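Q: 3D, please:
(2 chains)
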Amino acid sequence: MILLDRVSKIYNRKATALERINLHIEPKEFVIVVGQSGAGKTTLLRLLTREEKPTSGKIVVGGIDYDKLKDKDIPLLRRKIGVVFQDFKLLPNRTVFENVAFALEIVGMGNKEIQNTVPKVLDIVNLKNKANNMPYELSGGERQRVAIARAIVRQPKILIADEPTGNLDPKFAWDVIKVLEKINKFGTTVLLTTHNQEIVNKLKRRVVVIENGKIVSDRTNASYRL
Amino acid sequence: MKRSWITFTRVIKSGFVNFFRNLSLALPAIAVMTVTLFISLFLYIANITFSNTINQISNKINITVYLSDKTTTRQLNDFENNLRNFPNVKKVEYISKDEALAIYKTENAGNQNLLNAVDETSNPLPASINITPFDINKIQDIKNFINQKQYLALQDSQLGTSYSGDRKQAIDRIAKATKVLREAGLIGIGVFALVSALIIFNTLRMAIFNRKDEITIMRLLGAKPWFIRGPFVVEASFYGVISALISIGVIKIMFSIFSSALEASSLGLLNIGYASRYFNQYIWLILLAQIVLGFSLGALFSIIATARYLKLRTSK
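A: Just a heads-up that it's a prediction; the model follows:
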């Protein structure tokens, strides 16, 4: 599902973000990428969403070879990957419903279908009763669940979550993680980055540790100590 | 086909929704565009009115018919009498060759060279008839009368008829001043247009800059450039249309106030009555032109202003 082959990202002579990363993620896997701030986690995800190009190496996601991807097709790639960001990135002037619906409007789905689909997804993230609220009226955890709803509403094969709990209280953080597990159970490949030790240890999933731009360990059912 | 129609209506709709949700950002842009459109329209009408005034002045003249030396006394008397009986003719005055020479000599008393030139040859100045009309705005009938075949034969073939009379110098001076004023006006309009375009562009850019995060989010969600840009363009074009309506409205109100207060009177070179009539006569055309202008300004500038946030190229 996700394949990185000897991928490096070098910003300049003194800043090497990633160095010869080899990573292979199977469909339906739940993988946690951990590492200190600045270790290269976010760069890794930005390469996957094609916000940045690798300096060298090969990336294939969901059968799309990034070397052959044209700039104008980047929107089409991004529609196939659901992304959840640490800072939520909700559209501030739109209601919860509209934020989720936007992901469907982009792909040209009809209004009726949108009216049917969005409530179902809001139900999955337990936000059905907040559909008409504006983002600023929600708690952090609720906002993040809106973002997750938006990321999964197009039923992507892959969900990338970049420190989704980074800005949340532990109580809300777990709500978010539970939703991610639920989505994974439905068959979506989940790639989660975090530096929250407790979450990693409770989840007992495959853990990839990045330090200074290199993968230093990659084990299933692993725990992690900072 | 259906899908692109859905997308199109969505872009239009979200443009309008954004407009109402971002009113605080919209107001400065609308204000600047309104001022620009207002001043452009004002300058345009002022220019039209100014030209009209000049035309009117050049019509406010008396008529001088220069006579050929071959004209007999009988022909002259006949012409003179017919002119006197013509409606709208107030006064007819005959100036003989000798009188013309005398006038010339007194006018150029200081210039010996000119005087010598006149003396050396036989009198070169033609006799003439000066006609003063009752109504200076209705001299066309008199022109037609003078230009009949039998009277045309009496006239000096080179000098013909002058419609300026004593005011010729004044009119020439005004015409010259007008030309300078028009050129200065054109340059002024050009500079003003450039400056206001920059201000409008900057205002729109600020409004869009304020929402650049929104654009980034949309991009990350996989929206195509025009799906993101479209609503901004709709919104900015709508600013333009609103501005056009406001500027027309303000001018309309100004005219109704001034016109009743100054009822067709002239304020120096600007005849407000004429300007008002012109405005009311062409109001639909002016409205259309303003809307088109406002719409295009908004659309064009928002396309340019969004461009930098829509670049899909990924950093290497």
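Q: residues contacting the residue nearest to B:Phe86 when sequence neighbours are not counted?
A: Setting aside the residues directly before and after it, B:Phe86 is nearest to B:Phe145 in space (Cβ to Cβ, 6 or more residues apart in numbering or on different chains), at 5.8 Å. (C-beta placed from N, C-alpha, C; glycine too.) B:Phe145 makes contact with B:Asn82, B:Leu83, B:Phe86, B:Tyr151, according to Cβ atoms under 8 Å, 6 or more residues apart in numbering or on different chains.
Q: Which positions in the stretch 101-250 of chain B make contact with chain A?
A: The stretch 101-250 of chain B comes close to chain A at residues B:Asp213, B:Glu214, B:Thr216, B:Ile217, B:Met218, B:Arg219, B:Leu220, B:Leu221, B:Gly222, B:Ala223, B:Lys224, B:Phe227, as judged by Cβ under 8 Å from any Cβ of the partner chain.
Q: Now for the residues you listed: which two are most distant?
A: B:Asp213 and B:Lys224 (18.6 Å; Cβ to Cβ).
Q: and residue 105, how many neighbours?
A: You didn't pick a chain, so chain A it is. Neighbours of A:Glu105 under the rule other Cβ atoms under 10 Å in any protein chain shown: 21.
Q: Correction: the question concerned chain B.
A: Neighbour tally, B:Lys105, other Cβ under 10 Å: 14.
Q: what about it, which SS state?
A: Under DSSP: H, G, I helix; E, B strand; the rest coil, B:Lys105 falls in the helix class.
Q: ok, so what distance separates it from B:Ala307?
A: To B:Ala307, B:Lys105 is 76 Å away according to Cβ to Cβ, to the nearest Å.
Q: do the same with B:Phe232
A: 11 Å.
Q: Mind checking which of these two has more residues around it?
A: Per other Cβ under 10 Å, whichever of B:Phe232 and B:Ala307 has more neighbours is B:Phe232, with 27 against 12.
Q: and the gap between that one and A:Glu105?
A: B:Phe232 is 16 Å from A:Glu105, where distance means Cβ to Cβ.
Q: and the residue nearest to B:Phe86, what helix or strand is that in?
A: B:Phe145 is part of helix B:140-146, with elements assigned from DSSP states H and E.
Q: what about that helix, average pLDDT?
A: Computed over helix B:140-146, the mean pLDDT rounds to 76.
Q: Check which element follows that helix along the chain.
A: Next along the chain after helix B:140-146, taking DSSP H and E as the criterion, comes helix B:149-152.
Q: Name the residues of stretch A:7-17 that are buried.
A: Residues of stretch A:7-17 classed as buried: A:Val7, A:Lys9, A:Thr16, A:Ala17 (neighbour count, 16 or more other Cβ atoms under 10 Å in any protein chain shown).
Q: Hmm, I typed the wrong one, I wanted stretch A:182-200.
A: Residues A:183-184, A:188-196, A:199-200 are the ones in stretch A:182-200 that count as buried (16+ other Cβ under 10 Å).
Q: for chain A, longest helix please?
A: Taking DSSP state H as the criterion, chain A has its longest helix at helix A:170-185.
Q: Alpha carbons of it, as CSV, please.
A: The C-alpha coordinates for helix A:170-185 follow below in CSV (Å, rounded to 0.1, in the frame of the first residue of the first chain):
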residue,chain,number,x,y,z
PRO,A,170,-5.3,13.1,27.2
LYS,A,171,-9.0,12.5,27.7
PHE,A,172,-9.9,13.9,24.2
ALA,A,173,-6.8,12.3,22.7
TRP,A,174,-8.2,8.8,23.4
ASP,A,175,-11.5,9.6,21.7
VAL,A,176,-9.5,10.4,18.6
ILE,A,177,-7.3,7.3,18.8
LYS,A,178,-10.4,5.1,19.3
VAL,A,179,-11.9,6.6,16.1
LEU,A,180,-8.7,5.8,14.2
GLU,A,181,-8.8,2.2,15.4
LYS,A,182,-12.5,1.9,14.4
ILE,A,183,-11.6,3.2,10.9
ASN,A,184,-8.7,0.7,10.7
LYS,A,185,-11.1,-2.1,11.6
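Q: next helix or strand past it?
A: Counting by DSSP H and E, what follows helix A:170-185 is strand A:189-194.
Q: measure the residue nearest to B:Phe86 to chain A for me?
A: According to Cβ to the nearest Cβ, to the nearest Å, B:Phe145 stands 75 Å off from chain A.
Q: which residues in the chain form helices?
A: By default, I'm working from chain A. A:41-48, A:74-80, A:96-106, A:111-124, A:140-152, A:170-185, A:197-203.
Q: right idea, wrong chain: chain B
A: Under DSSP H, chain B gives helices at B:2-21, B:23-59, B:73-85, B:97-107, B:112-120, B:140-146, B:149-152, B:168-209, B:212-220, B:225-262, B:272-281, B:283-310.
Q: What confidence value was assigned to the spatially most central residue of chain A?
A: Closest residue to the average C-alpha location of chain A: A:Ile160 at 1.8 Å, with Cα atoms, centre = their mean. At A:Ile160, the pLDDT value in this model is 93.
Q: Next: B:Asp166.
A: 50.
Q: what about B:Thr53, distance to B:Asn271?
A: 6 Å.
Q: er, B:Leu114 actually
A: Per Cβ to Cβ, B:Leu114 is found 40 Å from B:Asn271.
Q: more neighbours, the two?
A: Counted by other Cβ under 10 Å, B:Leu114 and B:Asn271 do not tie: B:Asn271 has more neighbours, with 20 against 14.
Q: pretty sure that one is touching B:Ala46, no?
A: No: with contacts counted by Cβ atoms under 8 Å, B:Asn271 stays clear of B:Ala46, the gap being 10.6 Å.
Q: Quick one: low-confidence residue ranges for the chain.
A: In the absence of a named chain, chain A is used. Low-confidence segments of chain A (pLDDT under 70): A:225-226.
Q: hmm, I had chain B in mind actually
A: By pLDDT under 70, the low-scoring segments of chain B are B:1, B:54-62, B:119-121, B:135-139, B:160-175, B:178, B:259-270, B:312-316.
Q: hmm, back to that, of all the helices of chain B, which lies closest to A:Lys72?
A: Of all the helices of chain B, it is helix B:225-262 that lies closest to A:Lys72, at 8.8 Å by Cβ to Cβ.
Q: The closest one: how far from the chain's middle?
A: 21 Å (Cα atoms, centre = their mean, to the nearest Å).
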